[in-house]
Each structure stands twice: as structure tokens, then as C-alpha cells.
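Peer 1: coordinates only, sequence not included:
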Ligand SMILES: Cc1c2[nH]c(c1CCC(=O)O)Cc1[nH]c(c(CCC(=O)O)c1C)Cc1[nH]c(c(CCC(=O)O)c1C)Cc1[nH]c(c(C)c1CCC(=O)O)C2
């Protein structure tokens, strides 16, 4: 038996700070909650030290390592949520694809999908509990070790974003190989997107069963689609995921949890996203907060969206930018975050200044009401 295998997804410590969950549901808060995408990452010296010499996906497969890396940023900063250390590409791995993380190159698939026939290479039946059980065990362990400090967020990549990685074989600026499928092989594209959706639904329900208290779906490659393609190849699957996860939780006798959809550079889809059954819509920095509030009509909470590069500014400057951002979004139904993940060269002190500024400015605004 592995260490910690006896730890079960029950008798979790009582949650002490539920600000993130309340903001996600649009309820009253004492301060605006804040967390950062990629808060467990290479900008932290302790992260680099811990990961040194270890294979990335090997780390993802160790519940103890994932737990440690998830907790690291919370020891430094008063974030209002933790996000489990993992990666969106564990889902293509579960489908039988080889994915490696190469230093300086990022994620790489040695044998990407080239033509629709290659779909035959994918596992016909994916046993999510056994292929991705290591993520569930990481979540359960971390939820216990968090000691109720803040809620734990689980996540998955969205179908289109995963499909594009599986075809491109890695990062890409144009995503032209994956988009070629949409225009040339629309039926095969839908077959793949549907298969991914089925697995993602089971994966996300499994994460909540394991102890995740909120879920974020990353549609990181929304920006290379136009509104028409997004409506056909991304939005229906995002909606399906939200609805089926919620139904799945009900069937399992679990409480509903807030879900966040983050479609990076998907500004054209904001209205649709606000009606896609997610409680929260995540925004990148290209969207004006007041315009986002108008366009989403108070139907959802919003999350975001400071330009991560603003963290290169001085502390005073960061504070001013945060002040305007919090005033523009308002303190209700708002979760502060960056518009995308932290970069490895960012100064942890600036991250601390960001978190502090969100708490201070929002407390001031709330006290003056
Ligand atoms: C596109 C994507 C990936 N992975 C993820 C996305 C969606 C979010 C986004 O839009 O950025 C999701 C992800 N990846 C990671 C997390 C952990 C939680 C957190 O946000 O702190 C999350 C939520 C850890 C990670 N995932 C990765 C790292 C850095 C690599 C390392 O630690 O060695 C971390 C901390 C690697 C990764 N994994 C991926 C990329 C493009 C890279 C960067 C490659 C590089 O720059 O070398 C795929």
C-alpha cells in the first residue's frame, strides 16, 4: 500500500474561509477573494527547488508531491483558494497518448493525431477512476492537509483546447493543424470533442467526489477560433460539461459546487458564456470590467483579470491598478485573479502586493457602503 492510500474523501476539516465560494455564488463577502492562475509554479523558488530533476508528469502522478506544490503558495500569501497542482494534458494521456514535458519547449506529443483515422489509436474505453485516480488521490490528500484554510479548486482542460494539443502535438501560435480538422473534418472533430467531453464530465465529477470544492474549465485556446467556430466546436461542449457535471453530482448525492469557465481571448463569446450554466466566467485582461458586467447582465459572477505583466510594475503601481480593477468590477459577485497564469520570472513579492491590494481596496469599499 502506498503512503497516504488510507486517506479517504470523508471527514474533511471544516472550511474556515469560504469567501471564494460565496463570491462565486454572488453572496455577500467581507473582502473580494483572490487567487492566481499558476499560483503553484516556477516563480516560487521553493517550487523550482522541489521540482528540480524530477519529470513533470511523474510529479503529477504523485499525490504527495501535488499536495506539497498546491500548499506552497498558501504558506506565503493569503490566497482565498487553492488549485490542485496537475495539468490539463493528463486527459489526453488517459486516452492513451504519450505526452512529455520538455524543458524549454513545453508539452510535446511525439505522435500527435494527424488524420481522422488516428482516432483509432485512442483508447476505446477509458476507465477514468484507474487512469486518473492519482489526481483524485492528490485532491483528497490536499483537501485534508489544507485543514479547511481555503477551498480547493479542481480543473480540466475544455474539449477544444485538448483537441488542439492532441493534433498540434504541442504549443502553437496559429493552431492551423487543429483548425484544419474543423474545416476539413468537421464530423471527426465532433467525434473527438464528444469523446473528450464524456471523459471530462466523469473526471470532474470524480474530482468533486474526491474533495474538490469548485471546478474551473480552461478553454485556453478559444482565441484562435472565431465566433462561428466557437459556437459550433467549443460552446456546446462547455455547456454540456456544466450540465452533466451538475446532474452527475446530484445523482451521486453530492451538493452543487461553483463552476468557472475561462475561455482565454474568447471576448466575442461573453454573452454566450454567461448563459452556459457556469456560476463564474473568467476573463482575460483584454476585456473591460464594466463592459463585461453589462454584457453578462448580472447573471454570473466574474473572475479576473489583471494583465499578469502588470506584476512587473512597482508595488504602488500594482496597488493603483488593483484599485481601479476592483472599483470597476464592484465587490459583489467578483473573484480577483490575473487574466492568465503567472510567468516564471515574476517576483513573488509582487504577487504578495497584488493579493494585499485586492484585500485592502475591497475591504475599504465594503466598509464605506
Ligand atoms: C494550457 C495549459 C496547460 N496546463 C494548464 C493549462 C491551462 C491554463 C492555461 O491556459 O495556461 C493547466 C495547469 N497547469 C498547471 C496548473 C496548476 C495549478 C496552478 O494554476 O497553480 C494548471 C491549472 C501546472 C503547470 N503546468 C506546467 C507548469 C510549468 C512546468 C514545470 O513545473 O516544470 C506548471 C506549474 C507546464 C505546462 N502545461 C501546459 C503548458 C502550456 C505548460 C507550460 C510549459 C512551459 O512553460 O514549460 C499545458
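Peer 2: The structure has been received and is ready for your questions. Only a predicted model underlies this, so the values are computations on that prediction, with no experimental measurement involved.

Peer 1: And residue 143, how close does it get to the ligand?
Peer 2: 15 Å (C-beta to the nearest ligand atom, to the nearest Å). Heads up, the C-betas are built off the backbone N, CA and C, glycines and all.

Peer 1: What's the first helix or strand after the helix or strand encompassing that residue?
Peer 2: Using DSSP states H and E, residue 143 maps to helix 133-145. Counting by DSSP H and E, the next helix or strand C-terminal to helix 133-145 is strand 152-157.

Peer 1: for residue 254, helix, strand, or coil?
Peer 2: coil (DSSP: H, G, I helix; E, B strand; the rest coil).

Peer 1: returning to that earlier point: quick one: the helix holding residue 143 to strand 152-157, angle?
Peer 2: Here the directions of helix 133-145 and strand 152-157 differ by 160 degrees (axes from the mean of the first three to the mean of the last three C-alpha atoms, to 10 degrees).

Peer 1: what's helix 133-145 in contact with?
Peer 2: The contact list for helix 133-145, computed with C-beta atoms under 8 Å, 6 or more residues apart in numbering, reads 4-5, 7-9, 12-13, 60-64, 66-67, 70-71, 82, 84-86, 90, 129, 152, 154, 203, 206-207, 209-213.

Peer 1: so which of the residues you listed also contact the ligand?
Peer 2: 85-86 (C-beta under 6 Å from any ligand atom).

Peer 1: Show me which of the contacts of helix 133-145 are buried.
Peer 2: 7, 9, 12, 60-64, 66-67, 70-71, 82, 84-86, 90, 152, 154, 203, 206-207, 209-213 (16 or more other C-beta atoms under 10 Å).

Peer 1: taking those residues one by one, which sit in strands?
Peer 2: Per DSSP state E, strands hold the following members of the buried ones among the contacts of helix 133-145: 82, 152, 154.

Peer 1: Turn those into JSON lines, columns for pLDDT and distance to residue 120.
Peer 2: Below are those laid out as JSON lines (pLDDT from 0 to 100; distance: C-beta to C-beta, whole Å):
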{"residue": "82", "pLDDT": "98", "distance to residue 120": "39"}
{"residue": "152", "pLDDT": "98", "distance to residue 120": "37"}
{"residue": "154", "pLDDT": "98", "distance to residue 120": "31"}
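
Peer 1: quick one: which of the residues you listed is nearest the ligand?
Peer 2: Closest approach between these and the ligand, by C-beta to the nearest ligand atom: residue 82, at 8.7 Å.

Peer 1: Quick check: that closest one vs residue 115, distance?
Peer 2: 41 Å (C-beta to C-beta, to the nearest Å).

Peer 1: ok, now residue 156?
Peer 2: From residue 156 to residue 115 the distance is 26 Å (C-beta to C-beta).

Peer 1: Surely residue 78 is in contact with residue 355?
Peer 2: Yes - the pair residue 78 / residue 355 is scored as a contact, 6.1 Å apart, by C-beta atoms under 8 Å.

Peer 1: Run through the residues of the stretch 51-200 of the chain sitting next to the ligand.
Peer 2: So the stretch 51-200 of the chain meets the ligand at 51, 56, 83, 85-89, 101, 106-107, 155, 171 (C-beta under 6 Å from any ligand atom).

Peer 1: Please list only the buried members of those residues.
Peer 2: Looks like these have 51, 56, 83, 85-89, 101, 107, 155 buried, using 16+ other C-beta under 10 Å.
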